[in-house]
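Enquirer: With the input below, show me the fold.
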Amino acid sequence: MSLGTPGFKYIKEVGKGALIGLAVLALLVGGFSIGGFGTPASSNQPQATASGSASPSPSSTSTRTCSVADLVADPRLANFSGVVINATTDEVLFDRNANTPAATASVMKTLTAAAAILTLGPNYRVETRVYQDATDPGTIILVGAGDPTLSRTPAGKQSVYRDAPKLATLALNVNKKVAATPITKIIVDASLYSGATWEPSWERSEMTEGYMSEVTALQVDGDRSNPAAETSTRSSKSVMNAGKYFKAALGASAANATVVAATMPEGATQIASVSSQPISKWITHMLQVSDNTEAEALARLVAMDLGYEASFKSIDAAIKKALAPTGLSTAGMTIRDGSGLSDFNAVSPMYVAKLMQLVNKPGSGIEAIRQGLPVAGESGGLAARFKGDNIDAAGHIFAKTGWIKKGYTLAGIISAKDGSTLTFAVYALGDVKAEAKDAIDNLVTGFYRCGDTLSNQ
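Expert: Here you go, the predicted structure:
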């Protein structure tokens, strides 16, 4: 059968003779035992880890007759690859170059999220501290610890990072500590990260168009010019901006202070600190709105926790090591960043779909990611998608979106129409336009409608 158009209604047609023949065969194979038909129930249960080896070819059975061939042929998908897996049985239902690593776009954030949860744990918090120079009490040092959610918003106001720690809280506690001592110098220390603050393969337009900040250990509101706007122009002065906003928060006590970027002098004493929200909050926000700045911060926190330096150079090794407990093979994978902005990231659709099996499995260790995935037609990056002819799939697809100038991607979990649960990843790469999203939505709606009867034809 075919799903030639998004609104196509399909009908199962199975001859009575075929049904009788299958029933007889089933009884023969099963030794006339009801429990003997098919594989034992225990073999269908997802395991705590997923197989890292290549999956078997998609099954071709008399029940797998629901085709999406015409949807896959949509030219708007450009260079297409993808996979659909029955999450319960681990059967590959649909495969188009599924084992070939390719650019992920922001689907990479699902790997970063998994790495962070497996390494740091969902309750991990980042503490930003302020110190006072031991030899010059008028000098205080704001030390970045990798929390881009630190906010300059006043009490009672929210940034895009809800309930984030505030510079105002730090300033209040610093002023209590220094009392009558005027603050003459504010050192901003972002030395926790090393190397480049911008990946060479990223386009600088990501900064000016408001999607990405420089990657620094000290920044405020993700260096947004408007703390309350998800997409807001960023700058090339994120560290010094943090110092400027901190000086303003300190008020009269720092009115004449100079702000300099340097490392903390030895012997300084801690006088104030604030803690971030748990990174589970970061992960949910990151996945919902595709926050690149949070993704890069998480990647570096993972790297440091595993003993690597906090730099672009360490991300590949660190994330692969963090993901090792999943049991999925990272052979052939290339990770250039934590956000997916680079065209040179290369992860196969099969890997992502297998990872989504674990996201869907309670007790896997990374099941918390599911609650952060956008929901078709309802939330996050999918709120405005799966409308019109695809409305029947709304509320049933939980997936991370991805976009770079050379491609669109989508990966996640489908609660299919027939009651089965599928995981999937689809990539449309190359010369693509925004309409590729519509083609992806049509195809994924086809997966939803077919469910476990999805054909690989």
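Enquirer: so which helix or strand takes in the residue nearest the centre of the chain?
Expert: What sits nearest the mean C-alpha location of the chain, by C-alpha atoms, centre = their mean, is residue 109, with 2.4 Å. Counting by DSSP states H and E, the element that carries residue 109 is helix 108-120.
Enquirer: re earlier: show the contacting residues for the residue nearest to the residue nearest to the centre of the chain when sequence neighbours are not counted.
Expert: Closest residue to residue 109 apart from its sequence neighbours, by C-beta to C-beta, 6 or more residues apart in numbering: residue 295 at 5.0 Å. (C-beta placed from N, C-alpha, C; glycine too.) By C-beta atoms under 8 Å, 6 or more residues apart in numbering, residue 295 lies in contact with 108-109, 112, 286, 337-340.
Enquirer: Could you export those as TSV, including pLDDT and distance to residue 137?
Expert: Output for these, formatted as TSV (pLDDT from 0 to 100; distance: C-beta to C-beta, whole Å):
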residue	pLDDT	distance to residue 137
108	98	46
109	98	44
112	98	41
286	98	40
337	98	41
338	98	39
339	98	41
340	98	46
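Enquirer: ok, so of these, who is nearest residue 210?
Expert: residue 339 (14.1 Å; C-beta to C-beta).
Enquirer: wait, that closest one sits on residue 287?
Expert: No: Residue 339 is beyond contact range of residue 287, at 11.7 Å (criterion: C-beta atoms under 8 Å).
Enquirer: related to what we said a few turns ago, isn't the residue nearest to the centre of the chain right next to residue 339, touching?
Expert: Yes: applying C-beta under 8 Å, one finds residue 109 in contact with residue 339, separated by 6.5 Å.
Enquirer: how far away is residue 100 from residue 300?
Expert: 29 Å (C-beta to C-beta, to the nearest Å).
Enquirer: Comparing these two, which shows the higher neighbour count?
Expert: residue 300 (24 against 13; other C-beta atoms under 10 Å).
Enquirer: Surely the more buried one forms part of a strand?
Expert: No: Residue 300: not assigned to a strand; according to DSSP: H, G, I helix; E, B strand; the rest coil it is helix.
Enquirer: And for it, nearest residue in space, chain neighbours not counted?
Expert: residue 310 (3.9 Å).
Enquirer: can you tell me which residues contact the one you found?
Expert: If you count contacts by C-beta under 8 Å, 6+ apart, then residue 310 has 146, 192-194, 217, 300-301, 303-304 around it.
Enquirer: Can you add distance to residue 454 and pLDDT and give those back as TSV?
Expert: Converted to TSV, the contacts of residue 310 look like this (distance: C-beta to C-beta, whole Å; pLDDT from 0 to 100):
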residue	distance to residue 454	pLDDT
146	43	98
192	47	98
193	45	98
194	47	97
217	46	98
300	39	98
301	39	98
303	39	98
304	42	98
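Enquirer: What subset of those is buried?
Expert: 146, 192-193, 217, 300-301, 303-304 (16 or more other C-beta atoms under 10 Å).
Enquirer: Just the CA coordinates for stretch 141-154, please, in PDB.
Expert: Extracted in PDB, the C-alpha atoms of stretch 141-154 (Å, rounded to 0.1, in the frame of the first residue of the first chain):
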ATOM      1  CA  ILE A 141      37.500  38.900  40.600                       C
ATOM      2  CA  LEU A 142      34.400  37.500  38.800                       C
ATOM      3  CA  VAL A 143      35.400  33.900  37.800                       C
ATOM      4  CA  GLY A 144      33.500  32.200  35.000                       C
ATOM      5  CA  ALA A 145      32.700  28.500  35.600                       C
ATOM      6  CA  GLY A 146      30.900  27.800  32.300                       C
ATOM      7  CA  ASP A 147      27.400  29.000  33.200                       C
ATOM      8  CA  PRO A 148      26.000  31.000  30.200                       C
ATOM      9  CA  THR A 149      22.600  31.400  32.000                       C
ATOM     10  CA  LEU A 150      24.000  33.900  34.500                       C
ATOM     11  CA  SER A 151      21.600  36.800  34.100                       C
ATOM     12  CA  ARG A 152      21.800  40.600  34.400                       C
ATOM     13  CA  THR A 153      18.000  40.800  34.700                       C
ATOM     14  CA  PRO A 154      16.700  42.500  37.900                       C
END
